[in-house]
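>>> what's the 3D shape of this:
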Amino acid sequence: MADDVQPGDAGENAVCVSVPGTDADEITGYREASGEGATVIQPVGPAAWSPLYGTLKDRYGIARVLDVAAPSGT
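Model (predicted):
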């Protein structure tokens, strides 16, 4: 997946991992599992393109994009 990450937001390794999910509980679980020692870039919350979206830089310097897929037809 290509991503338009802003300079400095991609982490120390310039790698961004996309973690899509199908519901809020799944994404919240990923956020909690990845969050220890992480820096929040964008808090998990609603976005124009997703009911739930957020980004963080994990303790290894890898950026993670977490989102719930929008329902079909939206």
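
>>> Tell me how many other residues crowd V40.
12 (other C-beta atoms under 10 Å). C-beta coordinates here come from the backbone N, C-alpha and C atoms, glycine included.

>>> what's the distance between it and R64?
Distance, V40 to R64, using C-beta to C-beta, to the nearest Å: 11 Å.

>>> same deal with A48?
In terms of C-beta to C-beta, A48 sits 20 Å off from R64.

>>> which strands and helices sit next to the lowest-mean-pLDDT helix or strand in the chain?
Here the helix or strand of the chain ranked lowest by mean pLDDT, DSSP states H and E is helix 24-34, holding a mean of 79. Judged by 3 or more C-beta pairs under 8 Å, 6 or more residues apart in numbering; DSSP states H and E, helix 24-34 is in contact with strand 16-21, strand 39-47, strand 50-57, strand 63-68.

>>> which of A48 and R64 has more neighbours?
Neighbour count, other C-beta under 10 Å: between A48 and R64, R64 has more, with 21 against 6.
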